[in-house]
Every structure is written in structure tokens, then in C-alpha cells.
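Visitor: Give the three-dimensional model of this entry:
(chains A and B)
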Protein chains: 2
Amino acid sequence: MKIVNYSEVSGHTFDNEVVKGVIGRVVIGKNDGAQNFCMRVFVMETGGFTPKHSHPWEHEVFIHAGRGKMLREGEWVDVESGTVLFIPGGEEHQFKNTGTDELVFVCLIPSGIAEI
Amino acid sequence: MKIVNYSEVSGHTFDNEVVKGVIGRVVIGKNDGAQNFCMRVFVMETGGFTPKHSHPWEHEVFIHAGRGKMLREGEWVDVESGTVLFIPGGEEHQFKNTGTDELVFVCLIPSGIAEI
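Guide: I've put the predicted structure just below:
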């Protein structure tokens, strides 16, 4: 059994024109023997955002901390600590941090694709 | 895309000799079209616990709030907000809330088994 605080896992920094102010960590993945799905934790600074994109695989997301917005069918929807999101495959989506604190969210994907 | 606060989802109460003071919610599951895995959120009162058991499927867990302990190979290990746990299939496990606040955790399982 693996037990670790997400902040202790080494992160990948994303900071360019399509994804800004984001650190992503693979906290449970194939290296842990996870056969079915992969857990990542993302920390996004104030003003940061993820890419506006879509892809064939789904996301299951839990907002751990902070406040932000998710693009759904062209409209920005408020999200905050405790919000759950299911993003089906093929659906366009984008997160942004509109709050004053870090936006921290858990994002799970099926196994068999790039983990981050 | 489904966007909901976990607290708005109807819960199942567990309170007997093997699982005490726990409310479980299926927040993303087969009714949402999730094909690969299922997200549940559990809220455990102070002094509560989950069953001491094992089963063939794995858990991926993220502790959202509170403090508690997880039984791992016969030893109780501290967990708290931000802790990630990967419990492989077949491994005995049990949570208990040893803190003064609710212990809130996200627990994911593969699709194809009982969701709660």
C-alpha cells in the first residue's frame, strides 16, 4: 500500500501560452501497479489555466482547494473546494483559477494513455 | 459534463458493528456514463471507522479533509488532508477517524463492481 502526501511527489511545471501556472503530479500510476486508472494532482496559481481542448478519454475531477471556473459548452461554471466534475471523452474543457488562492484538484484518467 | 458539489449528492448511511459513522456518496458512476471507474466521497464522523477487510479490486484514495489512520500490514499509519493512498487488490485495509473533525475522503474503484 502506498501512502504519501501529494506535495511530496515530484511535479511537472507547465507554463506557456496554452497552459499557465500549473504544477502536475502523478500520485498513483502504472509505476505503483495501478492497472485501471491514474490519479494526478494539479496545483494552479491565481490567474493560471489549463489548455482549452478535448480528447477521447474522460476525466473524473475533485476540487480539493480554491476557487475557479470550468468551461462547459461555451459557458464558464463556478467550481470550488468540494466540486466534482465528470468530463466525458470528446467534450471540450478548460480550467482557470479565478480565486485568490491556489486551485488544487485531483484529476483521474483511464490507464493506457500518457499519465501527464 | 456533470458539475456538482459532493454534498448535494444523496448519501448512504453506514452505522453498525463493522462500519461506524460513515456516509457514502457515489458522485460519478455508471449512471453518469462513466465507463472505466467510479468516484465515491465518504464522510466519517469522529470515532468512525470503515470495515477491516480486503477484496480483489484496488482503491485509489485522496484525503480531502480531517485526520485519521489507515491500517497497513497491521500498523496504523497517520493520514490527513492531502494524503494519497493506493490500496492494491487483496490487501487488508481499514480507515478510522482519530481527529476532532469529519474525515472526508475520495475513494475510486474500477467499474463493474458494486458502486457502494
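Visitor: if I pick the residue lying closest to residue A:53 once chain neighbours are set aside, what's in contact with it?
Guide: Distances taken as Cβ to Cβ, 6 or more residues apart in numbering or on different chains put residue A:92 closest to residue A:53, at 6.9 Å, once the chain neighbours are dropped. To be clear about C-beta, it is placed using only N, CA and C from the backbone, and glycine gets the same treatment. By Cβ atoms under 8 Å, 6 or more residues apart in numbering or on different chains, the contact set of residue A:92 is A:52, A:53, A:54, A:71.
Visitor: Going by contacts, tell me the helices and strands next to the longest strand seen in chain A.
Guide: Determined from DSSP state E, the single longest strand within chain A is strand A:37-49. The contact analysis (3 or more Cβ pairs under 8 Å, 6 or more residues apart in numbering or on different chains; DSSP states H and E) places strand A:37-49 against strand A:20-28, strand A:95-96, strand A:103-110, strand B:59-65, strand B:83-87, strand B:103-110.
Visitor: Mind listing what's buried along it?
Guide: Using 16 or more other Cβ atoms under 10 Å in any protein chain shown as the test for burial, strand A:37-49 gives A:37, A:38, A:39, A:40, A:41, A:42, A:43, A:44, A:46, A:48, A:49.
Visitor: on that earlier part again, would JSON lines of the contacts of residue A:92 with neighbour count be doable?
Guide: Output for the contacts of residue A:92, formatted as JSON lines (neighbours: other Cβ atoms under 10 Å in any protein chain shown):
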{"residue": "A:52", "neighbour count": "13"}
{"residue": "A:53", "neighbour count": "10"}
{"residue": "A:54", "neighbour count": "14"}
{"residue": "A:71", "neighbour count": "18"}
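Visitor: how about TSV for those, with secondary structure and pLDDT added?
Guide: Output for those, formatted as TSV (DSSP: H, G, I helix; E, B strand; the rest coil; pLDDT from 0 to 100):
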residue	secondary structure	pLDDT
A:52	coil	97
A:53	strand	96
A:54	coil	97
A:71	strand	98
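Visitor: can you tell me which of the residues you listed lies nearest to residue A:114?
Guide: Residue A:114 has its nearest neighbour among the contacts of residue A:92 in residue A:53, at 13.4 Å by Cβ to Cβ.
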